[in-house]
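K.L.:
What would the 3D arrangement of this be:
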Amino acid sequence: MIFEQKEITLKNGKTAIFKTPDVEDAPKMLDYIKTACGETHFLLRYPEEWDSVTVEQEEKWVESSRNAPNNLTISCYIDGKVVGNCALTFLSGLKMSHRATVAIAIIREYWGLGIGSAMFREMIAAAQEHGTEILELEYIEGNDRARALYERFGFRVVGERPNAFKLKDGTLLKEFFMQKQMK
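P.N.:
Sure thing, here's the model as predicted:
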């Protein structure tokens, strides 16, 4: 699915562009995800886990994402740099097609500017247009900033998985599951 380009004004007055990434954006997307993963342990991978992903592989991922009928990817660009990304994935099958999952990550330098809230507004609008009944996401124990954002948009904790993540130092962290009832 393609998200048509849209400009938003951030809390600091700068303009950000939301759009589905183009194949030419693959190197920027790799830089973005490596940076984001290096800034927090609340994402699923460490930055070095992206080192084996080539630009060509990322180009293929971008192309498949653009063409996937059940996936909407929205990236945030500021001054030509990718600073955030979110994904809305509509589940399929008769038993699960009422649900969709969301994921989001923003580079730390751009936290607190309203990017996350704007992305959630766009994902929720797309989910409503699609007829989604339940939005779902997961977050890692200790990510209180993210949890506050999710709760502001109506998500509630519905479950947890103990010891779901093990950090390099051996720390074990829970994963929390949240849902937002759309109807």
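
K.L.:
The longest helix seen in the chain packs against which elements?
P.N.:
In terms of residue count, the longest helix belonging to the chain (DSSP state H) is helix 115-130. With contacts defined as 3 or more C-beta pairs under 8 Å, 6 or more residues apart in numbering; DSSP states H and E, helix 115-130 has these neighbours: strand 15-19, strand 71-78, strand 81-90, strand 99-106, strand 134-140, helix 144-152. Using the backbone N, CA and C atoms, a C-beta is placed for each residue, glycine as well.

K.L.:
May I see the buried residues of the shortest one?
P.N.:
By neighbour count, with 16 or more other C-beta atoms under 10 Å as the criterion, the buried positions of strand 15-19 are 16, 18-19.

K.L.:
got it, and the fourth one?
P.N.:
Counting neighbours by 16+ other C-beta under 10 Å, one finds that the buried residues in strand 99-106 are 99-100, 102, 104-106.

K.L.:
Would you mark the buried spots in the longest helix of the chain?
P.N.:
By neighbour count with 16+ other C-beta under 10 Å, helix 115-130 contains the buried residues 115-116, 118-120, 122-124, 126-127, 130.

K.L.:
and what of stretch 107-116?
P.N.:
In terms of neighbour count (16+ other C-beta under 10 Å), stretch 107-116 has its buried residues at 107, 110, 113, 115-116.
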